[in-house]
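Asks: Curious how this folds, go ahead:
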Amino acid sequence: MKILILILTSLLCLGTYYMLLSFQEKQELEKVAKWPSTKGQLVQGGYSQIGARGQAKPSDGVATLFSILFTVPSAKYTYKANGREYAGTKTLWPCLTVVTGQLFKKEIVAKEAALKGEPDSVPGNAMSRIQSQSITAASTISGLQALAGPPPPVTVRYSPMNAEISSLDPSILKPADSLFWTGAFFLSLSVFGLGLFSFNAAVTATPQDPRSKEKAKWQRL
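Replies: Numbers count the residues shown, from 1 in each chain. This next block holds a predicted model:
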C-alpha cells in the first residue's frame, strides 16, 4: 500500500514537472516569435521510439515496455543565416506514445498512405516493422524521406544577436502540447489514485469508541 502511494505521489510530481516544461516551451515560443526566420532542412527527426535509438534492449523487459509506452521527440536540422550554414538540434523529455499518436495522427495516416502507394520499394519484413511503428506513433521523418523523397523545408528562427541560437518550427515536434498532455495524464492518474486511496481509508476506518477517547483524555491529565 505504501509503495503504491509513493508511486502515485511520484507521478504527481512528474506530471507537475511536465506541466512546467510545457509552460517553458510556450514562453520560449513567445520569445522567439520576434526573431528573424529562414528556411531550414530536417536532417533527422520526428517521433522515434526509445528502443529504436538504442536505449532499450530487447532482452530487458522493463526497458522494452518503456520503449513501447514512450516516444522521444527529437530533431536535427540545418539552416542558413547571414550567409553561413548552421546546425541545430531539439530533444524533449519522453512523451506518452498515445499522446503523440493523437497529436501526429495526420502524419501517421500520411505515412501509411505512402507505404501503401509504394509497396514494391519496401521489403515485406521492413513493411511490417514500419507499419507497426506507425500504429505505435513511432513515425519518423527519416522513414517518410525514404518513401516520399526529402521532406519539405521547415521554418527556423534564429537569434539576431547570435545566429547559432535557433528555434525549430513548433509544428515539427509540437513540444508544448506533447509535454502538456503527458503531464495531464500523469496528474490525472495520480489524483485519481490518491483520491481512491483516501476514500477507501475513510470508508474502512474503524470508528473509535467515545469512551476510549474520554479515557485517553483523563490518562493524559
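Asks: For the chain, which element, helix or strand, carries the lowest mean pLDDT?
Replies: Within the chain, no helix or strand scores below helix 124-135, which has a mean of 41 by mean pLDDT, DSSP states H and E.
Asks: tell me the helices in the protein, going along the chain?
Replies: 2-32, 61-69, 97-103, 105-117, 124-135, 141-148, 170-173, 175-204, 210-220 (DSSP state H).
Asks: Worst mean pLDDT among those?
Replies: With a mean of 41, helix 124-135 has the lowest mean pLDDT of the helices of the chain.
Asks: how close does the spatially closest residue to Val32 that is not a sequence neighbour sit to Ala202?
Replies: Sequence neighbours aside, Ser167 is the residue nearest to Val32 in space, at 4.2 Å (criterion: Cβ to Cβ, 6 or more residues apart in numbering). Where C-beta positions appear, they are placed from N, C-alpha and C, glycine not excepted. Using Cβ to Cβ, to the nearest Å, one gets 49 Å for the distance from Ser167 to Ala202.
Asks: Please identify which of those two sits among more neighbours.
Replies: Ser167 (19 against 8; other Cβ atoms under 10 Å).
Asks: okay, that one: pLDDT?
Replies: pLDDT, Ser167: 93.
Asks: got the contact list for it?
Replies: Counting by Cβ atoms under 8 Å, 6 or more residues apart in numbering, Ser167 makes contact with 28-29, 32, 35, 156-158.
Asks: top of these by neighbour count?
Replies: In terms of neighbours by other Cβ under 10 Å, those top out with Val156 at 26 neighbours.
Asks: check contacts around the residue lying closest to that one once chain neighbours are set aside.
Replies: Among residues not flanking Val156 along the chain, Gly40 sits closest, at 3.8 Å (Cβ to Cβ, 6+ apart). Gly40 is in contact with 77-80, 88, 153-156, 166, 168, counting by Cβ under 8 Å, 6+ apart.
Asks: Please report the distance of Gly40 from Thr16.
Replies: Relative to Thr16, Gly40 is positioned 33 Å away (Cβ to Cβ).
Asks: Thr204 now?
Replies: Computed with Cβ to Cβ, the distance linking Thr204 and Thr16 is 29 Å.
Asks: and those two? which has more neighbours close in?
Replies: Set Thr204 next to Thr16 and count neighbours by other Cβ under 10 Å: Thr16 wins out with 14 against 7.
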